[in-house]
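Engineer: Starting from these lines, generate the structure:
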Amino acid sequence: HLYFNTVKSPSPQLFEAVLGLKNLRGLAYIQTPLGDELGRLGELPNLTEATFWGHRRVTDQTLAEWGTRPPPRLRSVTLAGASITDSGLPHLAKVPHLSELSLTDCRQITDAGASKLAACPTLHAVDLFGTQATKEGISRMQEQLGWCETGSLGDGVMPALYDAPVYRATLLDLAARGYE
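Structural biologist: Okay, the predicted model is just below:
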């Protein structure tokens, strides 16, 4: 596993070097800036786990690139705080072994997006905390998948967290320190 945590200015050569690690099984970029290169994860043939926390530049286009050249062994994906929408989620169905997905704080995901996750035949665990998905939408997704564990529920279940002054103060503090 390879972890990058709060690297302020990674060079483009850094990700190229990561892509050269063909036996890499786990990759995590935590509060470390990325560009469009994330769509190239399919070049890592043994990658089973990928975590990208706090990356607004991860978009529907990134997921579309995964759909074109999916990471062949990827099983677990965390896209916390990504700028993806409901329309990007069907591309995840092309990731052949995806079984665990966390979309924590992907604020543009709604019940319609949760429903689109039913197209992922191997998916059995989904985290939609901090999304706009409601308890009802998550229940429908579980029915469509046949069975699916939901670790955390969407904002329809816990909307007060985002209104809490301490949460907002923490986000402002992180933004002032240069985190996206």
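
Engineer: How about the contacts made by the closest residue to T122 other than its chain neighbours?
Structural biologist: Distances taken as C-beta to C-beta, 6 or more residues apart in numbering put S99 closest to T122, at 5.1 Å, once the chain neighbours are dropped. (C-beta placed from N, C-alpha, C; glycine too.) In this structure, S99 makes contact with 75-76, 122-125, judged by C-beta atoms under 8 Å, 6 or more residues apart in numbering.

Engineer: Same list as before, the residues you listed that is, but in a markdown table and with neighbour count, distance to L92 and secondary structure included.
Structural biologist: Output for those, formatted as a markdown table (neighbours: other C-beta atoms under 10 Å; distance: C-beta to C-beta, whole Å; DSSP: H, G, I helix; E, B strand; the rest coil):
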| residue | neighbour count | distance to L92 | secondary structure |
| --- | --- | --- | --- |
| R75 | 18 | 12 | coil |
| S76 | 17 | 12 | strand |
| T122 | 13 | 10 | coil |
| L123 | 20 | 8 | coil |
| H124 | 14 | 13 | coil |
| A125 | 13 | 13 | strand |
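
Engineer: Just give me the least confident of those.
Structural biologist: Least confident entry in the contacts of S99, by pLDDT: H124, with 86.

Engineer: now the host helix or strand of L101: mean pLDDT?
Structural biologist: Element membership of L101, judged by DSSP states H and E, is strand 100-102. Mean per-residue pLDDT for strand 100-102: 94.

Engineer: Could you name the helices and strands sitting against that strand?
Structural biologist: Based on contacts counted as 3 or more C-beta pairs under 8 Å, 6 or more residues apart in numbering; DSSP states H and E, the elements that strand 100-102 packs against are strand 76-80, strand 125-127.

Engineer: hmm, 10 Å instead?
Structural biologist: Using 3 or more C-beta pairs under 10 Å, 6 or more residues apart in numbering; DSSP states H and E, the elements in contact with strand 100-102 are strand 49-53, strand 76-80, strand 125-127.
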